[in-house]
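*Asks:* Predicted model, plus sequence, below.
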Amino acid sequence: MAFVSQRETSGTYTFSSRPRAVDNRSRYREAPPEQTPGQYGNIMYDRRVVRGNTYAQRVIPTADMAELQRQQEQRRRAVARRRAREQDRVGTPEALQGRQHIEVQTELYLEELSNQVTEVDAECQTHAFLDRPDTPLFIPAKSGVDVATQIEDGELFDFDQEVQPVLEVLVGKVMEQSLLEVMEEEELARLRAQQRAFEERRNAQLCEVQRLQEQERRHTEEKERRIAQQKEVLRREKEVAEKLAARAYTQQHLANLVPSLFTSLRCHGFFTDVLQHGVWHSEVTSKKVNNFKLLPCQPCYINGKRMSQTALECYLLLCHSLSAA
């Protein structure tokens, strides 16, 4: 039974307990339980144990080889059928970049809302948040002794002596700024002059380019016109050459053809002698005139006009001459 001692004047507390006997501790390791006898077997007759040389290649019997081949063929056919079914089935296209496919329930799933959930309004009032007070400024503790002194006006600053460096700085800065502004104005003037000169050169170059382009255009048009004229001249020369060649060939071809043609026509009676034809023409005309007889009482009308025998004879001779010619 524990008890607390009285409090001492120094302000500390003490604790003590009555003595008692120590309990007997258990052993560090318990005794192993008694093992029940089990069933033992000879591993020489176990199928899972490989007998013989483990380094030599295992010889598989012929029957086992046939069975293995049959099983491999079945597995190969099953894999082929599964691949064929997967290829025949239209799969879902791949998701776009930044998206992913998720499973969505497409079956009819309706839930009847029979009981209405009871709703109760409740409210409570909380205290307004108080603003956090400002953090007080850190004021370090004094580490020295305060002393004081008295300085009269004019003891630490002499205007005539201290103003000289200030004036030198002010005048120097003013002069420097003035020089910078003058240099900037001169630089701007040079830039404007350079820009004007550049624009003048550019305008002159543009005018020269336009003149050269116009000159090139005129040269191109003149070249095309000259080429067209030359083509026309060559065409005409070729046409004249072809005509001359055709004329020369025709003359050369007809040089021997015309005499033979006239000879053949003359042999066939197309060309006759003028003297012989005149004698024959006179004989035929006289025979026709003699054979043509007119009755004294029978008038002759040609084109609605009455003609005498002499005029009729002259008309017949003229018609026969024209037909013979």
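*Replies:* That came through, no problem.
*Asks:* Put the alpha carbons of stretch 87-102 into CSV.
*Replies:* C-alpha atoms of stretch 87-102 as CSV (Å, rounded to 0.1, in the frame of the first residue of the first chain):
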residue,chain,number,x,y,z
GLN,A,87,-10.7,-9.4,-84.9
ASP,A,88,-14.3,-9.9,-86.0
ARG,A,89,-15.7,-8.0,-83.0
VAL,A,90,-15.8,-4.3,-83.5
GLY,A,91,-13.9,-2.8,-80.7
THR,A,92,-14.2,0.6,-79.0
PRO,A,93,-11.9,3.2,-80.7
GLU,A,94,-9.1,4.5,-78.7
ALA,A,95,-9.8,7.5,-76.4
LEU,A,96,-8.6,10.9,-77.6
GLN,A,97,-5.6,12.6,-76.1
GLY,A,98,-6.4,13.8,-72.6
ARG,A,99,-9.5,11.6,-72.2
GLN,A,100,-10.1,8.1,-70.9
HIS,A,101,-12.8,5.4,-71.3
ILE,A,102,-15.0,4.6,-68.2
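*Asks:* who's in contact with that stretch?
*Replies:* The contact list for stretch 87-102, computed with C-beta atoms under 8 Å, 6 or more residues apart in numbering, is empty. Backbone N, C-alpha and C define where each C-beta goes, glycine included.
*Asks:* distance between it and the chain's centre?
*Replies:* Relative to the centre of its chain, stretch 87-102 is centred 27 Å away, using C-alpha atoms, centre = their mean, to the nearest Å.
*Asks:* Residue 186 belongs to a helix, doesn't it?
*Replies:* Yes - counting by DSSP: H, G, I helix; E, B strand; the rest coil, residue 186 is part of a helix.
*Asks:* burial measure for it, as a count.
*Replies:* The tally of other residues near residue 186 (other C-beta atoms under 10 Å) stands at 10.
*Asks:* Report the separation between it and residue 85.
*Replies:* Separation of residue 186 from residue 85 (C-beta to C-beta, to the nearest Å): 90 Å.
*Asks:* Kindly state the pLDDT recorded for residue 321?
*Replies:* Listed pLDDT for residue 321 reads 54.
*Asks:* actually residue 133, sorry about that
*Replies:* 82.
*Asks:* Could you pull up the contacting residues of it?
*Replies:* Residue 133 neighbours (C-beta under 8 Å, 6+ apart): none.
*Asks:* How about the secondary structure of it?
*Replies:* coil.
*Asks:* Offset the numbering so it begins at 51, please.
*Replies:* In the new count, where the first residue is 51, that last one comes out as residue 183.
*Asks:* I'd like the distance between it and residue 221.
*Replies:* Note on residue 183: its distance to residue 221, by C-beta to C-beta, is 54 Å.
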